[in-house]
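# A structural model of the following input is requested.
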Amino acid sequence: MSGAGKKVADVAFKASRTIDWEGMAKVLVTDEARREFSNLRRAFDEVNTQLQTKFSQEPEPIDWDFYRKGIGSGIVDMYKEAYDSVEIPKYVDNVTPEYKPKFDALLVELKEAEQKSLKESERLEKEIIDVQEISKKLSTMTADEYFEKHPELKKKFDDEIRNDYWGY
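Numbers count the residues shown, from 1 in each chain. Okay, the predicted model is just below:
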């Protein structure tokens, strides 16, 4: 197997082990997103399988004697000599070292944004629960009960009354 092909296959194999497919699937909301995600995963698996099978095998050696019998040794020897003289250069990765620090910095930034997003999500979920509770109790709730939950509004209204400000 060529060096570049093996490297591609190795990277694809490692990537398939580190992808949290279940974790990503949990955050999908719509059926369309789930379908698209399923298509993405299937395509990734197909490409990964192809890379594993195609690039992990050594090519079969050429049976030069078979061709000598059918074509003639002069032409086959010429092709064999040309084939043996071909040198496939080894792949040298100059790109990864250049972009690895940038990628790592983006990962740190991503983790920070994820944590911030999770905190905001928790805050919003609590707010939704509060609004749902208030909407259930609103028809029977007294002003005192409402002000118990929202003391800042009680203070605002008391200040307005105390300062004789009635909004006009």
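
# how long is stretch 63-76 end to end?
Terminal residues of stretch 63-76 are spaced 10 Å apart (C-alpha to C-alpha, to the nearest Å).

# so how many other residues sit close to residue 102?
Neighbour count of residue 102, defined by other C-beta atoms under 10 Å: 9. Heads up, the C-betas are built off the backbone N, CA and C, glycines and all.

# just to confirm, which helix or strand has it in it?
helix 96-137 (DSSP states H and E).

# Quick check: what element follows that helix along the chain?
The element immediately downstream of helix 96-137 (helix or strand, assigned by DSSP H and E) is helix 143-149.

# what packs against that next one?
With contacts taken as 3 or more C-beta pairs under 8 Å, 6 or more residues apart in numbering; DSSP states H and E, helix 143-149 sits against helix 96-137, helix 151-162.

# How far away from the center of its chain is it?
Offset of helix 143-149 from its chain centre (C-alpha atoms, centre = their mean, to the nearest Å): 46 Å.

# follow-up on the earlier one: JSON lines for the helices and strands packed on helix 143-149, including distance to residue 85 and mean pLDDT?
What follows is the helices and strands packed on helix 143-149, written out as JSON lines (distance: least, C-beta to C-beta, whole Å; pLDDT from 0 to 100):
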{"stretch": "helix 96-137", "distance to residue 85": "31", "mean pLDDT": "90"}
{"stretch": "helix 151-162", "distance to residue 85": "84", "mean pLDDT": "88"}
